[in-house]
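1. Sequence and predicted structure below; questions after.
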Protein chains: 2
Amino acid sequence: MSVKGNSVNIKDSPELSGKVSGKASGAYHHGDLRATAIAAGMTRIADMAHPDLGLRALARELGVSATALYRHFPNKDALLDALALEALNRLGISQSEAAQAASDVREGFVDVGVTYVQWSVENPALVRLIYDRVGKVDLETDDPSEMGEAFLQLRKGITALMPDTMSGEQRTVAALHAWSLVHGLAMLILDGQVEYDPQMVRKVVESAEFGSKNSG
Amino acid sequence: MSVKGNSVNIKDSPELSGKVSGKASGAYHHGDLRATAIAAGMTRIADMAHPDLGLRALARELGVSATALYRHFPNKDALLDALALEALNRLGISQSEAAQAASDVREGFVDVGVTYVQWSVENPALVRLIYDRVGKVDLETDDPSEMGEAFLQLRKGITALMPDTMSGEQRTVAALHAWSLVHGLAMLILDGQVEYDPQMVRKVVESAEFGSKNSG
DNA sequence: TCCACATGTTTATGCTGTTAACATGAGCGT
DNA sequence: ACGCTCATGTTAACAGCATAAACATGTGGA
């Protein structure tokens, strides 16, 4: 059901149905702190404009000492990476849903683009988290493979939407144009420079014409 | 020479020619700590990928106690706002230079767009700082007028580049498209998702055709 | 049953922004 | 030229942060 096998599956973990705070009645061990921490971190960050997660605050919410998290994540960055990966998977799901729902290729492109912006507006901190983190992974000790693959899929999805009448370079340029357009639009909205107007967003995305101008 | 009167004019402040660290020979008072702090903060941030400025580190570099900065800025955010404003002015200068250097209108649009991306790549932390800060200013006690005006000028500059054969809404859509395109492209490069290739950047910007398709 | 190891806790360190109380000296009015 | 005032600097202290080290617990396998 998940895009890859990466999505954090809460239902797989025991004693975690609904309640997030507090461990199971007086148990010394928590059960599945890693998954719980990620889940709580996601809901915590999801309501923010900018991702700002404190280990102590999170641990407090989970009814656990701050240092307990270090048994599951080497440091704060690793936790944020896990959250970013989960966020990226959610974005990917949203994207592929939009792609499948559309019939026409041209319409599909517009819908996917609009969905990208919409999802970003609805999950501002998650988008920021994704792009904040993905750039830092490469050279560190972290394993970039998961994040990298998820991103690769996003890119391939975009490129696949380009009309196949194009040459290789044309497709590259068009895909980059499309991605930049929706990403930039989303960012400008998140940063408060452009007010979110769904109709306007659609018009802007539609104004990108990649060789298929005669289809509208 | 500055876009508005907002640019921090270092030369106006006394005893500050070249050297940044250390106050004037044993003087208890610094001279012009505010301007020095902004200047040092700019050069300090300019070399970073993400803006990360510590008050204590900055104060140390200036040979001054950390709390001294509180005589000139109510808090850290206010200092960052001042830096963001300075950064925005520099971007504005770069933009208007590019606009004036171009002859053709169409060529001017492309050049300005390419310059936007190039400046962003050369000053990653400053772009981030600008867009991080500008969204937070509105509702706070800070005075949004300066930053707002500088941004208004950026927007007007973009809109002015659109062909005047367009209707009002067409112009709005086209301007938003243009801004989103270059902003998104710049951000994707900064976040490491797209490698910086000046020729590719130009091609992508050129692939935006706003009614003037017959000029290429 | 018992031991080992994963997973929790408490304690401590050095960083951060920020406040409060105190010190200094430049500049103005007399 | 004297002295007051105020802007601008200082040090000390606090709360919160990420993180490391040492210790405690209880679960699962031999």
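-> Here it is on my side, so go on.
2. tell me, what residue is most central in chain A?
-> When Cα atoms, centre = their mean is applied to chain A, the residue found nearest the centroid is A:Leu88 (2.9 Å).
3. Assign a three-state SS to that residue, would you?
-> What DSSP: H, G, I helix; E, B strand; the rest coil gives for A:Leu88 is helix.
4. Check A:Glu209 too.
-> Assignment for A:Glu209 (three-state DSSP): coil.
5. what do you get for A:Val64?
-> coil.
6. Next, count neighbours for it.
-> 18 (other Cβ atoms under 10 Å in any protein chain shown). Placement of C-beta: from N, CA and C, glycine included.
7. Can you spell out which helices and strands pack onto the helix or strand of chain A with the lowest mean pLDDT?
-> Least confident helix or strand, chain A: helix A:145-160 with a mean of 80, by mean pLDDT, DSSP states H and E. Using 3 or more Cβ pairs under 8 Å, 6 or more residues apart in numbering or on different chains; DSSP states H and E as the contact test, the elements touching helix A:145-160 are helix A:76-101, helix A:124-134, helix A:168-190.
8. ok now it, how far from the chain's centre?
-> 12 Å (Cα atoms, centre = their mean, to the nearest Å).
9. Now that helix: buried residues?
-> A:146-147, A:150-151, A:153-154, A:157-158 (16 or more other Cβ atoms under 10 Å in any protein chain shown).
10. can you list contacts of the host helix or strand of A:Asp111?
-> Taking DSSP states H and E as the criterion, A:Asp111 maps to helix A:105-122. Applying Cβ atoms under 8 Å, 6 or more residues apart in numbering or on different chains, the contact partners of helix A:105-122 are A:91, A:94-95, A:97-99, A:101-102, A:127, A:157-158, A:161-163, A:178, A:181-183, A:185-187, A:189-190, A:196, A:198, A:201-202, A:205-206, A:208, A:210, A:212, A:215-216.
11. do stretch A:154-163 as well
-> Under Cβ under 8 Å, 6+ apart, the answer for stretch A:154-163 is A:88, A:91-92, A:95-96, A:99, A:105, A:108-109, A:112, A:170-172, A:174-175, A:178-179, A:210-212.
12. Need the buried ones from those selected in PyMOL.
-> Typed into PyMOL, the next command selects the buried ones out of the contacts of stretch A:154-163 (criterion: 16+ other Cβ under 10 Å):
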select buried, chain A and resi 88+91+92+95+96+99+108+109+112+170+171+172+174+175+178+179+210+212
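13. Neighbours of A:Gly192, how many?
-> 15.
14. tell me the phi and psi of it?
-> When read as degrees, to the nearest 10, the backbone of A:Gly192 gives phi 80, psi 10.
15. That one touches B:Arg133, doesn't it?
-> No - with contact defined as Cβ atoms under 8 Å, A:Gly192 does not count as touching B:Arg133 (10.4 Å).
16. distance of A:Pro124 from A:Tyr131?
-> 11 Å (Cβ to Cβ, to the nearest Å).
17. With A:Ala102 instead?
-> Taking Cβ to Cβ, one finds A:Ala102 at 25 Å from A:Tyr131.
18. how many neighbours does A:Gly63 have?
-> When neighbours are counted by other Cβ under 10 Å, A:Gly63 comes out with 13.
19. and it, what are its phi and psi?
-> Per degrees, to the nearest 10, the backbone of A:Gly63 is at phi 70, psi 40.
20. per-residue confidence for it?
-> With respect to pLDDT, A:Gly63 scores 94.
21. for A:Phe210, same thing?
-> Value for A:Phe210, per-residue pLDDT: 75.
22. re earlier: okay, angle between the helix holding A:Asp111 and helix A:145-160 too, please.
-> If you take axes from the mean of the first three to the mean of the last three Cα atoms, to 10 degrees, helix A:105-122 sits at 140 degrees to helix A:145-160.
23. Any idea how far helix A:105-122 is from the middle of the chain?
-> 14 Å.
24. domains for chain A, by residue range?
-> A:10-71, A:83-215 (automatic domain parsing).
25. Out of those, the one nearest DNA strand C is which?
-> Between DNA strand C and the domains of chain A, the tightest spacing by Cβ to the nearest atom of the strand is seen for domain A:10-71, at 2.9 Å.
26. Please see if stretch A:179-197 touches chain B.
-> Yes - interface with chain B: stretch A:179-197 contributes A:179-188, A:190-194 (Cβ under 8 Å from any Cβ of the partner chain).
27. Which of the residues you listed sits closest to B:Ala46?
-> A:Asp191 (20.5 Å; Cβ to Cβ).
28. residues of stretch A:49-66 that come out buried?
-> Residues of stretch A:49-66 classed as buried by neighbour count (16+ other Cβ under 10 Å): A:51, A:53, A:55, A:58-59, A:61-62, A:64.
29. what's around A:Ala46, how many residues?
-> Applying other Cβ under 10 Å, I find that A:Ala46 has 17 neighbouring residues.
30. Next up, the contacts around it.
-> A:Ala46 sits in contact with A:123, A:125-126, where contact means Cβ under 8 Å, 6+ apart.
31. Just give me the closest of those residues to DNA strand D.
-> Nearest to DNA strand D among those: A:Ala125, at 15.1 Å, using Cβ to the nearest atom of the strand.
32. Could you double-check that that closest one sits in contact with A:Met48?
-> Yes - with contact defined as Cβ under 8 Å, A:Ala125 counts as touching A:Met48 (4.3 Å).
33. and these two? which has more neighbours close in?
-> For A:Ala125 and A:Met48, the more surrounded residue by other Cβ under 10 Å is A:Ala125, and the numbers stand at 22 against 14.
34. what separates that one from chain B, distance-wise?
-> 13 Å (Cβ to the nearest Cβ, to the nearest Å).
35. and if you look at A:Pro163?
-> Taking Cβ to the nearest Cβ, one finds A:Pro163 at 13 Å from chain B.
36. To which secondary structure element type does that residue belong?
-> coil.
37. For the residue nearest to the centre of chain A, which non-adjacent residue is closest in space?
-> A:Ala150 (4.7 Å; Cβ to Cβ, 6 or more residues apart in numbering or on different chains).
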